[in-house]
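[1] sequence? don't have it. structure:
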Ligand code: SF4
Ligand code: SF4
């Protein structure tokens, strides 16, 4: 008896000590990150809800049904099998041990066996998935490409070993004397295994039970060590990461609004992330939470079109760098703490504190993230579409990390794609990315047969909405047709609106997404001042990028407005009968979700409802729609950058749209319209397929059909 206790507890204590040391080191490393204001105390209710839905309910994992169900049972299996672990350790000391109160309940025996079998079944599913999706078979198309697949196989093997030794131990116990196994036939799997041991004799079974018990305890302990050194760290880190994640999702506004007040800048000020220690502790927690599942990679438009950017490989690269730079990060943190305490201690003791840590920190040379860890082509390929964030089961916030690295490159290194430099200069000098100037911002109104008031002082009392036209809508020929159609529909519905005309300026979205936080904030402050001076309360816009910035990001500068996208307003007006679609259009429509309208702001149903209200419109969805909608390639300031690697994102998306057989590709974003229209033309399909905003489609439906059936303008 003492020998089994000695072996079992020795294996356990050694493994717990090794794993505990590792967990402590990781915890120190994560806590050495920069502050992440608001992450700890905010929204306790929502954080609890996140634990229930994301961790306990496995919501995101279940979006991928088969692997999701398998993971659900594995997660709950390991959670509930804690009872068997308690029983095993109790058995080490006392073979007649049962968990007090419930330890002989047949229900507990059934639950334990059910989940043991469920985990084994899940292992079969995972094995098949891993073989079918092996990177050696599918190359980049495999979501496991670049993951540590060897470690994943070891994990499956260890999980199998945990369950196998458990069932063997329980089976052998059934025929021991005195009979130690407390459950009757409800522990069905144990009894099936036990039948195989029947006839070996009580003594042999007792020896086998002890052997399998010790193996079970040892495998569990070894698994703990393996978890602490592998991607399976997520078993413990994921629930913590989910608890501190942005709720309801890390999309819409960027997380951090940098302090760009030049009065606060010192020689130590760092904008963005150029070295691993510039990330916040929450971002560092993200890096260690990654499961390497590759869901993000499989939905990334950049990766799907042959670019080097994979959100998974970005996170893995940052995690590996964080571990390799740990000495520097920890020494830097110690030095920082010493600096914080230096003054009082100097005053008290007459000598500076922390000199040793500071010297040590200075000796360690930090590694720049770009280009060493993250290649510039990786960094600039991101469209900030948010697909990765949407899919990540452990709520990692890739977009914020990428933008933080861009910020460092732009603001600290003045390093960014040269073609984007012109866009930034244009915004700075002319107030729009094309540099066409404010005087042309009202040209689009000339095609209208009614007057659009331009706000010169304050918005008139009888005007309900400020129509934020956006740079593309005001200045691009194709996008102008969108804002004109929307304007005509609002006018038709009797909605009173006005525009800022030459006083409207770029919201700063492209500048912010490329990393020029300074220019963005200048634009934001100026626009908020203009809107407030004009007394604006309600804004409607046709551009999802403007919509996102005005609605979600301007509140940080005091700009609190009620902002709606034109798809939402049109939906309301159609429902109220103030806009009545007609029969002038008949055909098949496929709707493309703009990333900043759909995924970032959850406006999925309204544009579809507008299309559905058109009697002759038959709708067909693309495979990648709604939350899984595929980017057009223009976001993240990619609209103003060359796309020379791989295939074009807009081509990929447009081929999917053309594959539906629709004769209209409809959308609700000027960027998407331009990108999709370009790709339709590049495919030579402009005679057969048109790209139209939802407002253009409604207008077309209202055209009178003449006697021979062709639509005429009313
Ligand atoms: S935001 Fe979009 S483009 Fe950028 S890494 Fe994520 S999925 Fe890829
Ligand atoms: S970042 Fe999230 S989705 Fe991507 S591999 Fe890691 S855990 Fe999976």
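    That came in fine, so what should we check first? As the structure is a computational prediction, the values presented were derived from the model and not from experiment. Ligands and ions are numbered 1, 2, ... in the order given.
[2] Mind pulling the model confidence for the residue of the chain most remote from its centre?
    Distance from the centre of the chain peaks at residue 201, with 57.3 Å (CA atoms, centre = their mean). Note on residue 201: pLDDT of 83.
[3] list the contacts for it?
    Not one residue lies near residue 201 by CB atoms under 8 Å, 6 or more residues apart in numbering. The C-beta positions use only the backbone N, C-alpha and C, and glycine is treated the same way.
[4] What about it? Give its phi and psi, please.
    The phi/psi pair for residue 201 (degrees, to the nearest 10) reads phi 100, psi 150.
[5] Kindly report the same for residue 466.
    Dihedral pair for residue 466: phi -90, psi 120, per degrees, to the nearest 10.
[6] isn't it right up against residue 501?
    No. Counting by CB atoms under 8 Å, residue 501 is not a contact partner of residue 466; they are 11.1 Å apart.
[7] I'd like the distance between the residue farthest from the centre of the chain and ligand 2.
    Computed as CB to the nearest ligand atom, to the nearest Å, the residue 201 to ligand 2 distance reads 50 Å.
[8] And that residue, how far from ligand 1?
    For residue 201, the distance to ligand 1 - CB to the nearest ligand atom - is 61 Å.
[9] Also residue 670?
    With CB to the nearest ligand atom as the criterion, residue 670 and ligand 1 are 20 Å apart.
[10] Quick one: residues contacting that residue.
    Counting by CB under 8 Å, 6+ apart, residue 670 has contacts 470, 472-473, 476, 478-479, 482-483, 542-543, 693.
[11] any idea of the mean pLDDT for stretch 396-407?
    98.
[12] my bad, should have said stretch 378-385
    98.
[13] Report whether it contacts ligand 1.
    Yes. Against ligand 1, stretch 378-385 shows contacts by CB under 6 Å from any ligand atom at 382-385.
[14] If you rank the residues you listed by neighbours, which is first?
    Highest neighbour count within those: residue 385, with 30 neighbours (other CB atoms under 10 Å).
[15] Wait, that one touches residue 301, no?
    Yes. Between residue 385 and residue 301 a contact is recorded at 6.0 Å, counting by CB under 8 Å.
[16] who touches both of these two?
    Joint contacts of residue 385 and residue 301 (CB under 8 Å, 6+ apart) are residue 631.
[17] show me what contacts residue 49?
    residue 247.
[18] Next one: it from residue 599, what distance?
    The gap separating residue 49 from residue 599 is 20 Å, by CB to CB, to the nearest Å.
[19] In the stretch 151-300 of the chain, which residue sits closest to ligand 1?
    Going by CB to the nearest ligand atom, ligand 1 is nearest to residue 300 of the stretch 151-300 of the chain, at 3.3 Å.
[20] Repeat that for the stretch 501-650 of the chain.
    For the stretch 501-650 of the chain, CB to the nearest ligand atom, closest residue to ligand 1: residue 631, 6.2 Å.
[21] which SS class is that residue?
    coil (DSSP: H, G, I helix; E, B strand; the rest coil).
[22] confidence score at it?
    On the pLDDT scale, residue 631 gets 98.
[23] Now do it against residue 152, distance only.
    29 Å.
[24] out of the two, which sits in the more crowded spot?
    Using other CB under 10 Å, the more surrounded residue of residue 631 and residue 152 is residue 631, with 34 against 19.
[25] Quick one: residues contacting residue 689.
    Per CB under 8 Å, 6+ apart, neighbours of residue 689: 657-658, 662-665, 680.
[26] Phi and psi next, for it.
    According to degrees, to the nearest 10, residue 689 has phi -130, psi 130.
[27] So this protein: which segments form each domain?
    The chain resolves into domains spanning 2-14+61-229, 262-418, 428-573, 575-712 when parsed by automatic domain parsing.
[28] residue ranges with poor pLDDT in the stretch 101-250 of the chain?
    178 (pLDDT under 70).
[29] That one: helices as residue ranges?
    Under the criterion DSSP state H, counting those that start in this stretch, the stretch 101-250 of the chain contains helices at 106-132, 135-138, 149-174, 188-197, 202-228, 234-243.
[30] Tell me the buried residues in the fifth one?
    Buried residues in helix 202-228, counting neighbours by 16 or more other CB atoms under 10 Å, are found at 205-206, 208-210, 212-228.
[31] Likewise for the shortest one?
    Buried positions in helix 135-138, judged by neighbour count with 16+ other CB under 10 Å: residue 135.
[32] any residue of that helix up close to ligand 2?
    No. Shown here: helix 135-138 not in contact with ligand 2 (CB under 6 Å from any ligand atom), separated by at least 13.6 Å.
[33] With the third one instead?
    No. In this structure, helix 149-174 remains apart from ligand 2 according to CB under 6 Å from any ligand atom; the gap is never smaller than 11.7 Å.
[34] Worst mean pLDDT among the domains of the chain?
    Looking at these, the bottom one is domain 262-418 with a mean of 87.
[35] and that one, how far apart are its ends?
    26 Å (CA to CA, to the nearest Å).
[36] Neighbours of the residue of the stretch 151-300 of the chain closest to ligand 1, how many?
    Residue 300 has 28 nearby residues by other CB under 10 Å.
[37] repeat for the one 5 residues further on
    Under the neighbour criterion other CB under 10 Å, residue 305 is assigned a count of 22.
[38] could you check the angle helix 234-243 makes with the longest helix anywhere in the chain?
    Longest helix in the chain, counting residues (DSSP state H): helix 2-31. Per axes from the mean of the first three to the mean of the last three CA atoms, to 10 degrees, the angle that helix 2-31 makes with helix 234-243 is 40 degrees.
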